[in-house]
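K.L.:
Provided below for reference: sequence and predicted model.
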Amino acid sequence: MDNNYDSIITGSGKLLLQPRTTDQVSEILKYCNFRCLAVVPQGGNTGLVGGSVPVFDEVVVSLSAMSKIISFDKVSGILVCEAGCILENIISFLDSEGFIMPLDLGAKGSCQIGGNVSTNAGGLRLLQHGSLHGNVLGIEAVLADGTVLDMLKTLRKDNTGYDLKHLFIGSEGSLGIVTKVSILTPPKLSSVNVVFLACKDYSSCQKLLQEARRKFGEILSAFEFLDNNAMNLESRCDIVWALVPNVKWGRPHTENCFPDVRLLIWKVTPMRPNRTTYKHTDASGKPYLGLVPG
């Protein structure tokens with residue numbers, strides 16, 4: 001409660017409340033507003049900037065007990081859920097229904113959708129699906145005085161009145177606490193392919209991105225950049241990397257397993273549909289890492 005994700009920032013809160021309904025959130029904020037008590041909304045507490053950590057003796061309101069998936073429409077792909085739903089649980093649910101979440105993060109096993117919306121989290125799929133401003137169709141939020149704003153629309157095309165939800169997306173709890181979310185989810189593709197390439201400099205990475213967007217268009221879902229420092233850090237730490245779900249890394253037990261990235265040669269060998277073995281060699285042709293999706 002008093003620490004952020006990496007325990008670097010520590011607060012001094014003395015009271016943690018875990019409401020289970022929107023009405024309970026409303027009553028808490030109404031009481032705190034009347035008594036002039038400061039409040040800190042808290043989701044999965046995975047942020048690295050300390051936004052969900054109490055600075056003094058604020059009342060911490062955690063949404064972790066509000067974790068229900070309310071409804072899902074397979075025709076429109078619209079999901080309605082409570083703000084305390086863990087992102088990975090939503091992803092697993094949608095996967096079983098043949099859909100994907102337009103948001104994916106490294107902290108998906110702990111972060112909550114309410115916190116994602118409140119911080120306007122970008123994630124790995126922003127390149128293809130855009131930000132949450134474009135995917136969130138509606139929200140329910142509770143203001144500081146306990147007033148409940150029901151903006152939980154489930155229409156993709158809705159031009160009636162002010163679109164107030166955008167004020168809450170990225171507001172980090174400063175305007176109110178998000179309690180429910182409706183979000184548009186795209187259908188899951190039949191297959192996903194991952195390519196890991198080596199570029200000689202940052203300018204080459206930019207040119208590669210331009211060419212990939214030109215060739216692949218809308219089917220390009222993600223483009224990530226990894227420099228020498230990150231590769232060397234991985235070689236010195238006990239980190240297991242995962243680029244996509246179900247990707248397994250085999251790491252060699254050597255101290256300096258990653259040479260200069262500019263010396264790497266990446267060979268891609270197709271095995272069968274939807275499954276590829278990535279064989280990596282150094283400049284001498286010696287293999288040292290295996291990556292197998294599936």
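P.N.:
Arrived safely, thanks for sending. A quick note: this is a predicted structure, and the numbers were derived from the prediction, not measured.
K.L.:
ok, now which ones touch the residue sitting nearest the centre point of the chain?
P.N.:
In the chain, the residue lying closest to the centroid (Cα atoms, centre = their mean) is residue 105, at 2.9 Å. If you count contacts by Cβ atoms under 8 Å, 6 or more residues apart in numbering, residue 105 has them with 87, 111, 116, 121, 123-124. The way it works is simple: take the backbone N, C-alpha and C, and place the C-beta from them, glycine included.
K.L.:
show me where the stretch 51-200 of the chain has its strands.
P.N.:
59-62, 69-73, 78-82, 136-142, 148-151, 177-184 (DSSP state E, counting those that start in this stretch).
K.L.:
related to what we said a few turns ago, most neighbours of all the contacts of residue 105, which one?
P.N.:
residue 116 (30 neighbours; other Cβ atoms under 10 Å).
K.L.:
please state the offset of the helix ranked longest in the chain from the chain centre?
P.N.:
Using DSSP state H to define each element, the chain has its longest helix at helix 202-216. What separates the centre of helix 202-216 from the centre of its chain is 24 Å, taken as Cα atoms, centre = their mean, to the nearest Å.
K.L.:
identify the residues contacting it?
P.N.:
Counting by Cβ under 8 Å, 6+ apart, 197, 199, 220, 223, 225 sit against helix 202-216.
K.L.:
repeat for stretch 118-133
P.N.:
41, 43, 47, 51, 100-105, 111, 115-117, 135, 166, 168-173, 178, 183, 186, 218-224.
K.L.:
got a list of what the closest residue to residue 149 other than its chain neighbours touches?
P.N.:
Of all residues beyond its chain neighbours, the one nearest residue 149 is residue 141 (4.9 Å), with distances taken as Cβ to Cβ, 6 or more residues apart in numbering. Taking Cβ under 8 Å, 6+ apart as the criterion, residue 141 is in contact with 148-149, 151, 168, 175-179.
K.L.:
of the contacts of residue 105, just say which sits nearest to residue 231.
P.N.:
residue 124 (18.5 Å; Cβ to Cβ).
K.L.:
on that earlier part again, now do the buried residues in the longest helix of the chain.
P.N.:
residue 205 (16 or more other Cβ atoms under 10 Å).
K.L.:
chain center to stretch 204-218: distance?
P.N.:
Distance, centroid of stretch 204-218 to centroid of chain: 23 Å (Cα atoms, centre = their mean).
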